[in-house]
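# My questions concern the predicted model and sequence given below.
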Amino acid sequence: MRVRRAVIGTASALALVVGGIAAAHVAGASQGRTVREGFGPRRPNVQASCSRSTQPGAAACFALRRTDFAPRTALAPDAAPAGYGPADLRGAYRLPDGGAGVTVAIVDAFDDPTAESDLATYRSQFGLPACTTANGCFRKINQNGQASPLPASNAGWAGEISLDVDMVSAVCPQCHILLVEADSNGIDLYTAINQAVAQGARYVSNSWGGAEFSGQTTIEQQYLNHPGVVITVSSGDDGTGAEFPSSSRFVTAVGGTTLTRAGNSRGWTESAWAGAGSGCSAFDTKPAWQNVTTACTRRASADVAAVADPQTGVAVYQTFGGSGWMVYGGTSASAPIIASVYALAGTPGAADYPAKYPYGAAGNLFDVTSGTNGACGAPMCTAGTGWDGPTGLGTPNGVGAFTSGTPRRPPTPPGPTPPRRRWG
């Protein structure tokens, strides 16, 4: 398998590691660059929301925005935004109702000053119940757990935040949302994870990451080792090559698919998205629960997947750094989707690392058997029967693969198919 990134850093003491990451205080604004989706062609109609950093431990968000749809602040009566909405996602993955009062935490860098008002527009458009500070459904705090002062605002990360909270709303409309905003895209993001757990969240979504580095096993022990808590992390949008923190053995690494309508009994088909991140960790040991052939001697990603291809992307409403309704993709979409599926499935076992659950219930997943994200073949780059790098064990078929209890059979498919979305 080809090596995509150089290994960075040699410090092993936590103080040195944290010092290096803390120095990486890089603003995540859009660079206006087009994106090569892994092994796929360059996509002139896709723009990364956040810039990359060369600093060890600094993270970029993985949100990818379609640029060939003109943002729309208002829609005609009965019109639907471009991109998949809640009914599409819940139907494609056969998701039940549930999650009332359960908190899903979103961890991102910097502040989105219009996060709550934009969320209200998204939920109103799709007929979802209101989720506001006033009714106790929505909370926004800083990494210290306080409502103020909030971090500096950032347009690039605001797109990520809008995508994340909209995906939680789509998959688990009855869930509460806790948005924890870190002061920077360095070590503060990990501090924000700890804060989310301290606030009582049992489901924490992270749609960001960067290159692996030698100090990551020290970082993960202090910030990611939370038994009884679901921590989902995007596997990345650059194809083959391990990213951290998705390569941590303490998290569920979430890959990505291309999701399209089909005339089969499911009504949908999926293939591995060319940009979906996958790889063998250079530092993390292989967890005992990863009982599949991965061609890696250490931890392999991804574990599971959901829609991520911006060419079959999701509807998002964003006004800070955006101008209304837009279409987004990237594994930034799949991480909060999977965190919300876990929330629908029920409370994790107190001593469990919930990343293990799908490995004991793969029959409750849609196995993705086509598509590739690189030239290294199966199983790391090419999808096939069973585990593969870009999509892991597969995508949700109900919630039976995401619970500590006896796996449930997938529910019967929902009723009529929602209106077809336009892709331009």
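Great, that's in hand. Numbering: from 1, shown residues only.

# Make sure residue 155 is actually in contact with residue 318.
No: in this structure, residue 155 is not within contact of residue 318 by Cβ atoms under 8 Å, at 9.3 Å. Heads up, the C-betas are built off the backbone N, CA and C, glycines and all.

# if you count what's nearby, which of these two comes out ahead?
Each of residue 155 and residue 318 has its neighbours counted (other Cβ atoms under 10 Å); residue 318 has more, 29 against 18.

# residues contacting the more buried one?
The contact partners of residue 318, by Cβ atoms under 8 Å, 6 or more residues apart in numbering, come to 114, 118, 158-159, 162-163, 324, 326.

# Which of those ranks first by neighbour count?
Of all the contacts of residue 318, residue 163 has the most neighbours under the rule other Cβ under 10 Å, reaching 31 neighbours.

# where does that residue fall, helix, sheet strand or coil?
At residue 163 the chain is in helix, as set by DSSP: H, G, I helix; E, B strand; the rest coil.

# Just to check, it is in contact with residue 315?
No: using Cβ under 8 Å, residue 163 is not in contact with residue 315, being 10.0 Å away.

# Geometric centre of this protein: which residue is closest?
A centroid search over the chain (Cα atoms, centre = their mean) returns residue 335, at 1.9 Å, as the residue closest to the centre.

# how close does it get to residue 149?
27 Å (Cβ to Cβ, to the nearest Å).

# And residue 194, by the same measure?
19 Å.

# neighbour-wise, which of those two wins?
Higher neighbour count among residue 194 and residue 149: residue 194, with 18 against 10, using other Cβ under 10 Å.

# Locate the more buried one within the secondary structure: which element?
helix 187-198 (DSSP states H and E).

# can you pull the buried residues of that helix?
For helix 187-198, the buried set under the neighbour-count rule, 16 or more other Cβ atoms under 10 Å, comprises 187-197.

# cool, and stretch 255-265?
255-259, 261.

# Rounded mean pLDDT for it, please.
For stretch 255-265, mean pLDDT rounds to 97.

# what's the answer for stretch 289-308, then?
Mean predicted lDDT for stretch 289-308 stands at 97.

# Ends of that stretch, what's the gap?
25 Å (Cα to Cα, to the nearest Å).

# Centre of the chain to that stretch, how far?
Distance, stretch centre to chain centre, for stretch 289-308: 16 Å (Cα atoms, centre = their mean, to the nearest Å).

# Pretty sure residue 356 sits in a helix.
Yes: per three-state DSSP, residue 356 lies within a helix segment.

# who are the neighbours in contact with the closest residue to it other than its chain neighbours?
Distances taken as Cβ to Cβ, 6 or more residues apart in numbering put residue 289 closest to residue 356, at 3.4 Å, once the chain neighbours are dropped. Applying Cβ under 8 Å, 6+ apart, one finds that residue 289 lies in contact with 353, 355-356, 359-360.

# Going through those, which ones are buried?
Among the contacts of residue 289, those buried by neighbour count (16+ other Cβ under 10 Å) are 353, 355-356, 359.

# after the longest strand belonging to the chain, next one along is what?
Counting residues, the longest strand found in the chain (DSSP state E) is strand 252-261. The helix or strand immediately downstream of strand 252-261 is strand 268-272, counting by DSSP H and E.

# from the chain's centre, how far out does that following strand sit?
Centroid displacement of strand 268-272 relative to its chain, using Cα atoms, centre = their mean, is 18 Å.

# Test of understanding: give the bridge partners of residue 280.
In this entry, residue 280 is beta-bridged to residue 300, by DSSP bridges.

# swap that for residue 142, sorry
Under DSSP bridges, the beta-bridge partners of residue 142 are residue 181.

# still on that earlier bit, which secondary structure state does the residue nearest to the centre of the chain sit in?
Going by three-state DSSP: residue 335 is helix.

# surely it meets residue 233?
Yes: using Cβ under 8 Å, residue 335 is in contact with residue 233, at 6.2 Å.

# Can you check which residues contact both of these two?
206-207, 254.

# Okay, helices next: where are they in the stretch 201-350 of the chain?
Remark: helices assigned in the stretch 201-350 of the chain by DSSP state H, counting those that start in this stretch are 216-223, 331-345.

# Which of those helices sits closest to residue 137?
Nearest to residue 137 among those is helix 331-345 (13.4 Å), distances taken as Cβ to Cβ.

# Buried residues, stretch 311-329. List them.
Quick answer for stretch 311-329 (16+ other Cβ under 10 Å): 311-322, 324-329.

# Oh, that last question was meant for stretch 48-64, not what I typed.
Under 16+ other Cβ under 10 Å, the buried positions of stretch 48-64 are 48-53, 55-64.
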